[in-house]
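Colleague: Structure here, sequence nowhere to be found:
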């Protein structure tokens, strides 16, 4: 089944209402398209404006690129604004679920990412010790 068929199909969800895809906004429904479009625009701007890379490299504070930081902030704000803080007690009420979530997100996840980075850098000949 193609993506177009999935977006136009009106399969009801478990509650018998309208499909989940139809409930999504246009922005959410075509998020992959917007990301690819933004990547293409970025690559095109890099080709059209030769000094753009150097100009963006100068806009850093403490090694952090301000355009990237602002882009990430703009990307995350809508998600954080939709958090229903009034329902937080219902989520944190299950202690086992809360504990396992914290362990997975703050211990297991970073450990796996560190291990992957360590393995990747050990393989790369330009960064191998010796």
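Modeller: On my side now, so go ahead. This is a predicted model, so every value here is computed, not measured. Residues are numbered from 1 along each chain as shown.
Colleague: Could you check how many residues crowd around residue 69?
Modeller: Counted by other C-beta atoms under 10 Å, the residues lying close to residue 69 total 13. (Glycine included, C-beta is placed from N, CA and C.)
Colleague: For this protein, give me the ranges with low pLDDT.
Modeller: For the chain, the stretches flagged by pLDDT under 70 are 1-17, 123-130.
Colleague: distance of residue 114 from residue 34?
Modeller: 31 Å (C-beta to C-beta, to the nearest Å).
Colleague: How about residue 109?
Modeller: 27 Å.
Colleague: between residue 114 and residue 34, which one's more packed in?
Modeller: residue 34 (13 against 10).
Colleague: which residues in this protein form strands?
Modeller: 60-61, 64-65 (DSSP state E).
Colleague: ranking these by burial, who's on top?
Modeller: Mean neighbours per residue, mean count of other C-beta atoms under 10 Å, is largest over the strands of the chain for strand 64-65, with a mean of 12.
Colleague: Indicate each strand paired with that one and its parallel or antiparallel sense.
Modeller: Here strand 64-65 is paired, per DSSP bridges, with strand 60-61 (antiparallel).
Colleague: Contacts for the strand it pairs with next, please.
Modeller: residue 66 (C-beta atoms under 8 Å, 6 or more residues apart in numbering).
Colleague: tell me how far stretch 58-76 is from the chain's mean position?
Modeller: Stretch 58-76 has its C-alpha centroid displaced from the chain centroid by 15 Å (C-alpha atoms, centre = their mean, to the nearest Å).
Colleague: Turn the strands of the chain into TSV, columns for distance to residue 71.
Modeller: Shown next, in TSV, are the strands of the chain (distance: least, C-beta to C-beta, whole Å):
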stretch	distance to residue 71
strand 60-61	14
strand 64-65	9
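Colleague: any idea how this structure splits into domains?
Modeller: What automatic domain parsing lists as the domains of the chain is 3-89, 90-130.
Colleague: closest one to residue 47 among the strands of the chain?
Modeller: strand 64-65 (19.5 Å; C-beta to C-beta).
Colleague: contacting residues around that closest one?
Modeller: Contact with strand 64-65 is made by 56-57, 59, as judged by C-beta under 8 Å, 6+ apart.
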